[in-house]
Each structure stands twice: as C-alpha cells, then as structure tokens.
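J.: coords please:
(2 chains)
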Amino acid sequence: MKETPLSNCERRFLLRAIEEKKRLDGRQTYDYRNIRISFGTDYGCCIVELGKTRVLGQVSCELVSPKLNRATEGILFFNLELSQMAAPAFEPGRQSDLLVKLNRLLERCLRNSKCIDTESLCVVAGEKVWQIRVDLHLLNHDGNIIDAASIAAIVALCHFRRPDVSVQGEEVTLYTPEERDPVPLSIHHMPICISFAFFQQGTYLLVDPNEREERVMDGLLVIAMNKHREICTIQSSGGIMLLKDQVSALTSFPLRGLSSEDLLLLYMF
Amino acid sequence: MAEVLSVATQSVAGCRARPAHIVLNQVVLPGEELVLPEHEDVNGLGGAGEQPLRLNSGARPRLRVVCGPGLRRCGDRLLVTKCGRLRHKEPGGGGGGVYWVDSQQKRYVPVKGDHVIGIVIAKSGDIFKVDVGGSEPASLSYLAFEGATKRNRPNVQVGDLIYGQCVVANKDMEPEMVCIDSCGRANGMGVIGQDGLLFKVTLGLIRKLLAPDCEIIQELGKLYPLEIVFGMNGRIWVKAKTIQQTLILANVLEACEHMTTDQRKQIFARLAES
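T.: All right, here's what the predicted structure looks like:
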C-alpha cells in the first residue's frame, strides 16, 4: 500500500505548533517518550517500547570458522527488519532505502564502536569462533526507529548468555546449559543512539520525533554515545546545514537523555 | 448406530444455528449462523378469519429484515462475518428491523453513502484522485462541487482536505465521491479550510461520536468554540482559536475511546476551570 499522504493542513499545523514550542502529545522539546523494556523467556530476547514504537530483539550464537583475515576474532552480525505489521507502507521489497540506512547506522554504532569484545569470542584460533547474530524486528512504527532499535540491540546483547566452552590442549568441550551455566558476553560499553529532528532549516530542534514530526522534518541528526561521554557515531541526513557550535552543544545534551535510560539498564544488570 | 448419528447431527445443528433474539448484545464470532424469527400473518385480509389463498404454496411469509454490516445472508439464515456484539434496531413501521454486528477496526473500507474526509493526491485532467484510507484512491470530478462549471473550476490543490460523500463503492472498482448532494447543493461538503489539525481514530469511536444523543460533542462545545468535521473513514478535523486549544481537543477526543463517563466528566471539569 502507498503511504498515507500528508495534507497541507497537517504540515502547516505541525510547523506552527513547533514554532510555538508545542508538540502533539504535550512533550517539551527535549523530552523523550516513555521507554518500556520487557524480556522473553529465552536469553537474549527483549521487546523495547518507545512510546508506541516497538522493536523485538533476539540474539543467537553459533560456532563457525572465522574470517581469513581475522582469525582470532568472533563475528558479529546485525539485521534489522521492518515487519509489514509496523506500518501499511512497509511491503516486502518496497522500503529498501530506509532499511539500508537503518542497518548501516546500527552496524556503525555497534560494531565499529567495539562495544563487544570479539577476541573473547574466539574458541580455537583460526578454526572455531562464535558468531553472534542479532535479529531486530520492528513491530510498530511511530517514529524514531533507530533509537528503539539500538536500545533493543544492546539490551538483548547484555541479556544474552552463550554456552560455556573449555579448551584443553587439542580437546574442545562444549557444555550444554544443564551441565554448566551459560556465560554472558563481554561488553565494554553500551552505546545508545539519540535522534534530533530539525525544522525550518535548523532553526527548531526536537528530540525523539514521532511519526508525524518525522514527516515534516527537514533533517535528522543521530548521535550514538555511551555513559563515558564517548561519541560512537554521528550521522546527519536530510542535507541541512548545521554549525559546529550547534553540533557540539548537542553532544553535551545526550547525557541528560542518556542518564535516565542508562540508569534503567544498569538497574537490570 | 443410526440413532447416535441423528442425535449427533441434531446437537451439531443446534450448536451451529441459534435464534438471533437469544444472542442479542452478546459477542458473536465469524462462522456462526443465526436463525431469523419467523412471523406468520395470522390476521388475513378477510376480517372473519378466512385465510387468503396463498399463491406460493408451502412457503410461509417472512418480515423483511435488513442485514447490516458484519452479517451475510446464507440461505434463510444469517452468517456472521465479523467478531463483535450483535445488535438489533426495532423497525419504524413494517419490516423486521435491522440486525448488525458492532465491531472495532481502524482500517476503512469504502461504503456507499458514507461521508468521508479525503486528501487530494493528484489532479489529472477532469478528475481529482483523493485518498480516503481504502485500498484505492477515490475519484472526484471537478464538476461535483457546488457552482462548478467547465469555465469555473473549483480551487483545489494537491494536499487539500475534502469532505465529500461516496456514491460508488464496490470492492472491485475504485470508489467515486462527490461534494454535492442530489439537489446540487454543497450541504457542508467541499474543501475544508486551511488551518486546524487532522488526526485519525478508530471507526467505532466515530460512530459513537456521531450517534444522535452523544454527550461528548455537547460538552466539547461548551468548553471552547470550535469547528469539527468527522469522516466515517476514521479521520477527524478540528480547529479552535489557538494551537493549544486545538491540541487539547485532539488529545481529549483520542482518549475518549478508553475513558469511562466519570473520567471524561472529570477531565472536562478540570479543563473548564483552567
């Protein structure tokens, strides 16, 4: 199905409301929607609800041969899928642009930042390593998919336990969960993406845009940070011009938004 | 063996088809069959109790019952096609009334005679393509506005909101809508003004708000002066004096679906104070 078109009346109303610093659901400029995280019965399964946007994450692992040029490192594989129940506009094969952009951003945020210690995933150098696969499914689209997906990915990775392995000389023993407790992954830090939507050529800014606001925005800036104030990824799309001061002011903001999310995650583990 | 079989078929038949008046206001599921009440016309035309000669031998006369949304005629029974509560409306004069299923859904299917709010998505030659939320965009001729002639075209741009009525709505063809009634007058239909907010709610809430004795609209009117348009496709357009008031009205209407009457009255009282 085609996406429902945005009428001129809605666009005008939203832009005027943003100029008066009012949002549709009564939030302030820097307010996030409520985040709810719930876990499934398996290790590594979680559902994240950011307002009405819902993402399901599942982590699984498998023993494979390593890549030739990285013989002592495990393999990380991320996959985000936009399910057809998320929005009427999502059809198989139709949403490729958005899908590619989201997947690239997730990979840069989680793999290039080295948040997971891949050396610890090596079992026998050059022969057997763990391949960790993170599958994310978008169940409902109400804006800001990337934030919800990054939270779901990192929470699922923290929740996941892989089977214990012991190597004695030439012998490798893989223990079932009944024999020995599964082992958590070695995670250095937890990067989380925060999205900023820009309107009127960068004059107005909103954090955590919902679906209506995403339709009328000029550009989007995504900053991925962890609680040590390290920036893992920055991506700007939409072609708006931002000044250096604006960007550095924004990088100090995410800590305010992060602290509440981070506390929540820390309390769970 | 034959007795067991006959008992089994009787009990199965008894489970499958129930009289409609017993199931009234209860939840029915798709696949259930309902038996209509049958009335015999005992008082014949001759006052002395003489039965008039029946031309259709054997068939008993039935009252004409209208089969509404969620039901389908299947032989001489009604087959339920949607899940929800079964409702019945007594007939005004003659006939057997209307039976329908009150179900909840958000996706709109165009129905003939519905007043809907559409968004213009394309202008091609003599017709506008208007999105009403169904599977295909509806077509709207430029002559279907009040006072429109070939020389005097209506001022409609892509992206405008239109309030009109569906005149053709089959599941096999694209729907058609018009902005005039059968006398040629606009009667409130046409292009909806520039400001204001459009938002989407479930179809059941629209039907509830458009019921003749709905208190919600009267209470809303007492709060702020407002303009409001309801489309049967789940779209509501609302406009008040300031943006803040418009946003409050939109949020209250969306929340009305899940609030009880007392909660609603509390919220209105609080809004009226501030």
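
J.: drop to CA atoms for contacts and neighbour counts, all remaining ones
T.: OK.

J.: Which residue, other than its chain neighbours, is closest to whichever residue of the stretch 51-200 of chain B sits closest to chain A?
T.: Nearest residue of the stretch 51-200 of chain B to chain A, counting by C-alpha to the nearest C-alpha: residue B:159, 4.5 Å away. Nearest residue to residue B:159 in three dimensions, chain neighbours excluded: residue A:7, at 4.5 Å (C-alpha to C-alpha, 6 or more residues apart in numbering or on different chains).

J.: My read is that residue A:11 contacts residue A:217, right?
T.: No. Contact criterion C-alpha atoms under 8 Å: residue A:11 and residue A:217 do not qualify, at 9.7 Å.

J.: So the two - more neighbours on which side?
T.: More neighbours surround residue A:217 than the other of residue A:11 and residue A:217, with 23 against 20 (other C-alpha atoms under 10 Å in any protein chain shown).

J.: Distance of the closest residue in space to that one that isn't next to it in sequence relative to chain B?
T.: Take residue A:217 and drop its neighbours on the chain: the residue closest to it by C-alpha to C-alpha, 6+ apart is residue A:199, 5.2 Å away. The gap separating residue A:199 from chain B is 18 Å, by C-alpha to the nearest C-alpha, to the nearest Å.

J.: For residue A:199, the count of nearby residues, please.
T.: Burial of residue A:199 is recorded as 20 neighbouring residues (other C-alpha under 10 Å).

J.: Surely residue B:229 is in a strand?
T.: Yes. Assessed with DSSP: H, G, I helix; E, B strand; the rest coil, residue B:229 lies in a strand.

J.: Tell me what it is bridged to.
T.: For residue B:229, the beta-bridge partners are residue B:237 (DSSP bridges).

J.: Give me the mean pLDDT for stretch A:49-62.
T.: The average pLDDT for stretch A:49-62 rounds to 94.

J.: is that stretch up against chain B anywhere?
T.: No. Judged by C-alpha under 8 Å from any C-alpha of the partner chain, stretch A:49-62 and chain B are separated, with a smallest distance of 14.4 Å.

J.: Mind listing residues that contact that stretch?
T.: Residues outside stretch A:49-62 that contact it (C-alpha atoms under 8 Å, 6 or more residues apart in numbering or on different chains) are A:33-37, A:43-48, A:130-145, A:148-149, A:152-153, A:156-157, A:160, A:162.

J.: Just the buried residues of these.
T.: A:33, A:35, A:37, A:43-48, A:130-145, A:148-149, A:152-153, A:156-157, A:160, A:162 (16 or more other C-alpha atoms under 10 Å in any protein chain shown).

J.: Which members of the residues you listed occur in helices, if any?
T.: Counting by DSSP state H, the buried ones among the contacts of stretch A:49-62 place A:145, A:148-149, A:152-153, A:156-157 in helices.

J.: need the next SSE after the lengthiest strand in chain B, C-terminal direction.
T.: Identified as the longest strand of chain B according to DSSP state E is strand B:115-124. As assigned by DSSP states H and E, the chain's next helix or strand after strand B:115-124 is strand B:127-131.

J.: Pull out the buried residues from that next one.
T.: B:128-131.

J.: Quick one: those residues as a markdown table, columns for pLDDT and distance to residue B:117 too.
T.: Converted to a markdown table, the buried residues of strand B:127-131 look like this (pLDDT from 0 to 100; distance: C-alpha to C-alpha, whole Å):
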| residue | pLDDT | distance to residue B:117 |
| --- | --- | --- |
| B:128 | 94 | 14 |
| B:129 | 94 | 13 |
| B:130 | 94 | 9 |
| B:131 | 93 | 9 |
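
J.: Would you convert these into a markdown table that also reports distance to residue B:90?
T.: Formatted as a markdown table, these follow (distance: C-alpha to C-alpha, whole Å):
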| residue | distance to residue B:90 |
| --- | --- |
| B:128 | 41 |
| B:129 | 40 |
| B:130 | 37 |
| B:131 | 36 |
